[in-house]
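**Student:** everything below, folded, please.
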Amino acid sequence: MLSLETLVFQEYADEIFEYLKRKETKMLPDPNYLDKQRGLDWGMRTQLVAWLVTVRNHLGLPHEVLYLTVNIIDRSMSLMEVTPDRLMLLAAASLIISLKYEQQYPDYSMQDIIEIFDLEPEKVRQAERIILQRLDYDLGWPGPSSFLQRINKINNGETQLTVLAHYFLELQLHTASQVRYQGNRYGHRNKLICWAIPERNWNLSSK
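**Tutor:** Numbering: from 1, shown residues only. A predicted model of the protein is given here:
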């Protein structure tokens with residue numbers, strides 16, 4: 001017997017999906033925000049995201065936390081100036097906000113996470129408040145995971161392909177082009193790539 005949640009999802013899936021797409025578009029960052037930041041460039045953002053991926057892997061955090069963290073960082077820098085010496089503070093505060101919003105509490109205290117970034121707890125708390133105020137407390141960004149979940153429901157939840165899709169998503173988080181596109185496009189495209197890979201007969205031999 002199907003659960004009530006499944007029945008509701010099936011009946012309103014299209015409406016929910018359209019709402020998520022509108023919500024996501026509304027919460028996209030300015031794709032050119034780094035042009036307005038002094039002393040920052042895309043290379044520094046790439047290094048920051050790579051560090052966050054390392055932290056996510058080390059702490060065993062869900063992918064959703066990482067995606068929301070990067071969205072918070074990009075949206076925050078679209079709205080306010082961030083100096084290079086405050087970039088790690090922005091990342092730490094964004095990660096903690098994401099953890100709280102997603103209600104994901106790993107086997108580490110918030111203090112442990114702050115220590116990973118080698119920052120003073122009070123400064124991180126102040127940064128959290130500033131970020132939330134600038135974002136008007138709007139954290140409900142759907143992100144690519146929401147759209148991957150919908151694809152999984154349609155295609156009977158192929159776990160291995162989902163893991164591979166998340167891997168590609170993490171790789172794309174580093175890129176400047178990722179800021180310009182919605183997560184639903186990334187979610188769909190990566191799942192299509194993953195579907196295609198098992199069917200391809202790759203010939204890597206030189207000719």
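
**Student:** am I right that residue 68 is in contact with residue 141?
**Tutor:** Yes - if you go by CB atoms under 8 Å, residue 68 and residue 141 touch, sitting 6.1 Å apart. Heads up, the C-betas are built off the backbone N, CA and C, glycines and all.

**Student:** got a pLDDT number for residue 194?
**Tutor:** Listed pLDDT for residue 194 reads 46.

**Student:** same check, this time on the one 10 residues further on
**Tutor:** Reading off the per-residue confidence, residue 204 sits at a pLDDT of 33.

**Student:** what of residue 184?
**Tutor:** Per-residue confidence (pLDDT) for residue 184: 45.

**Student:** and residue 97, what element?
**Tutor:** Under the criterion of DSSP states H and E, residue 97 resides in helix 87-102.

**Student:** and residue 27, how many residues sit next to it?
**Tutor:** Neighbourhood size, residue 27 [other CB atoms under 10 Å]: 20.

**Student:** who's in contact with the nearest residue to it once chain neighbours are set aside?
**Tutor:** Nearest non-adjacent residue to residue 27, counting by CB to CB, 6 or more residues apart in numbering: residue 141, 4.6 Å away. Applying CB atoms under 8 Å, 6 or more residues apart in numbering to residue 141 gives the contacts 23-24, 27, 68, 71, 183.

**Student:** any idea how far residue 141 lies from residue 90?
**Tutor:** Residue 141 sits 17 Å away from residue 90, going by CB to CB, to the nearest Å.

**Student:** again with residue 96
**Tutor:** For residue 96, the distance to residue 90 (CB to CB) stands at 11 Å.

**Student:** what does residue 113 give?
**Tutor:** Remark: distance between residue 113 and residue 90 (CB to CB) = 14 Å.

**Student:** equivalent analysis for residue 100, please.
**Tutor:** Computed with CB to CB, the distance linking residue 100 and residue 90 is 16 Å.

**Student:** looking at the two, which is more packed in?
**Tutor:** Higher neighbour count among residue 100 and residue 90: residue 90, with 21 against 14, using other CB under 10 Å.

**Student:** which ones are touching the more buried one?
**Tutor:** 73, 76-77, 82, 127, 131.

**Student:** among these, which one is most surrounded by other residues?
**Tutor:** Of those, with other CB under 10 Å as the count, residue 73 tops at 24 neighbours.

**Student:** check which helices and strands the helix or strand where that one lies sits against.
**Tutor:** Assigned by DSSP H and E, residue 73 belongs to helix 63-79. Secondary-structure packing of helix 63-79 (3 or more CB pairs under 8 Å, 6 or more residues apart in numbering; DSSP states H and E): helix 42-59, helix 87-102, helix 121-134, helix 143-154, helix 159-173.
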